[in-house]
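Asker: Coordinates only, no sequence provided:
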């Protein structure tokens, strides 16, 4: 077992070994669907929905399992299992057996495993970050998460040149290497209260705790809006814009993703030094989310590709602020006995709202075109932000560790 001084470093290493493969997958999966198989807008939206839809079912269950079980051991198992689908897909591709139903199955399986792993990893963060302060640790973890995805996206930009098989093997290898870092983490003991209560009642308790918190529920609701109105267009519509408007492939799709995630890293790193000084986090969240719908309106004009990428970069800055501060609020406010369940609800906002948004925007795009698939989500987010600001204390709430 690692010393207390180094254990946070092992946590970050394990995080990187997960999010670099995830970054590869973020480009590789839609590239296989939209470019290699050349599926239409509805099929691309459905494929992205298949990858994100398991969150609707498995994120709350994953949070409860993490609260009841040994989070370190669970995370080790998830790393091993998550390495298997890319290995299988690489073999199938080498034999020329790629098909749309296979990619749907791949998306469902990997999305399901990820839904169990995310709240488990979040439950471990307070255990390994005691000496660093939780707000600063959350900002560091968020920045590293985005950096790992950015590195993975950079690797995936070579898909047009080298094909998918080497990238899939790299995904699996990194996940297995990450097992070594996870093994060095401390044990996180289960909470007796979660284990002594019935399964469905324990899940419902997490929802009740979130609903009764004046600080948590508006953050969770706005996070769900981000999933539906922002993640949906990003996952289902932007790849089609790159292909159909800008005649791009994996390289251009990587530019879009690199711009977004590079901006989130910059925003997250800028917040590391300010983490303990910030108290009006709700105000930052509201401002950042509001900037997002302005950017989405601008993207709907389908400007020249360099401007398009520049707007994505600005959108990424807002996303970095939103995700870092939202996550910090829930980590600070959540009681230890319910932390994994509340963090699973937090992730469910993006992981559960994302497939809904991907399906809706893919359908809108197929019916009315790319511009409508950006304008309507932007209008929906405007309405949601106004409702939350009027019905909650998001703008004035303070959170201190």
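Answerer: Now that the structure is in, tell me what you want to look at. Quantities reported herein were computed from a predicted structural model and do not represent experimental measurements.

Asker: how distant is whichever strand or helix holds residue 252 from the center of its chain?
Answerer: Assigned by DSSP states H and E, residue 252 falls within helix 250-272. The chain centroid and the centroid of helix 250-272 are separated by 13 Å under Cα atoms, centre = their mean, to the nearest Å.

Asker: So which bits of that helix are buried?
Answerer: Buried residues in helix 250-272, counted by 16 or more other Cβ atoms under 10 Å: 250, 252-269, 271-272. Using the backbone N, CA and C atoms, a C-beta is placed for each residue, glycine as well.

Asker: ditto for stretch 85-105
Answerer: 85-87, 89-90, 92-93, 103-104.

Asker: and what of stretch 230-244?
Answerer: Buried, per 16+ other Cβ under 10 Å, within stretch 230-244: 230-243.

Asker: same deal with stretch 158-178?
Answerer: Within stretch 158-178, the residues that count as buried by 16+ other Cβ under 10 Å are 159-160, 164-165, 167-168, 170-172, 174-175, 178.

Asker: hmm, back to that, let's see which of the buried residues of stretch 85-105 end up in helices.
Answerer: Judged by DSSP state H, the subset of the buried residues of stretch 85-105 located in helices is 85-87, 89-90, 92-93, 103-104.

Asker: Could you tell me the model confidence score at residue 221?
Answerer: Looking at residue 221, its pLDDT stands at 88.

Asker: sorry, that was for residue 56
Answerer: On the pLDDT scale, residue 56 gets 71.

Asker: what's the distance between residue 174 and residue 257?
Answerer: 18 Å (Cβ to Cβ, to the nearest Å).

Asker: now the angle between helix 250-272 and the strand or helix carrying residue 152, please.
Answerer: Counting by DSSP H and E, the element that carries residue 152 is helix 134-156. Angle, helix 134-156 to helix 250-272, by axes from the mean of the first three to the mean of the last three Cα atoms, to 10 degrees: 160 degrees.

Asker: How far away from the center of its chain is helix 134-156?
Answerer: Put simply, helix 134-156 sits 11 Å off its chain's centre (Cα atoms, centre = their mean).

Asker: and it, what other elements does it pack with?
Answerer: helix 4-31, helix 100-128, helix 165-183, helix 250-272, helix 305-333 (3 or more Cβ pairs under 8 Å, 6 or more residues apart in numbering; DSSP states H and E).

Asker: Mind putting these into CSV with mean pLDDT and distance to residue 393?
Answerer: As requested, the helices and strands packed on helix 134-156 are exported to CSV (pLDDT from 0 to 100; distance: least, Cβ to Cβ, whole Å):
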stretch, mean pLDDT, distance to residue 393
helix 4-31, 83, 32
helix 100-128, 88, 24
helix 165-183, 91, 38
helix 250-272, 83, 22
helix 305-333, 89, 12
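
Asker: Indicate which one of those is closest to residue 148.
Answerer: helix 4-31 (3.1 Å; Cβ to Cβ).

Asker: circling back: out of the buried residues of stretch 230-244, the closest to residue 126 would be?
Answerer: Closest to residue 126, out of all of the buried residues of stretch 230-244 and judged by Cβ to Cβ, is residue 231, at 26.3 Å.

Asker: what are the phi and psi angles of the closest one?
Answerer: Main-chain torsions, residue 231, degrees, to the nearest 10: phi -70, psi -40.

Asker: Surely it is in contact with residue 352?
Answerer: No: applying Cβ atoms under 8 Å as the test, residue 231 and residue 352 come out as separate, 10.1 Å apart.

Asker: shared neighbours of the two, anything?
Answerer: residue 52 (Cβ atoms under 8 Å, 6 or more residues apart in numbering).

Asker: picking up where we left off before, quick one, which of the helices and strands packed on helix 134-156 gets closest to residue 201.
Answerer: So among the helices and strands packed on helix 134-156, helix 100-128 is nearest, using Cβ to Cβ, at 18.0 Å.
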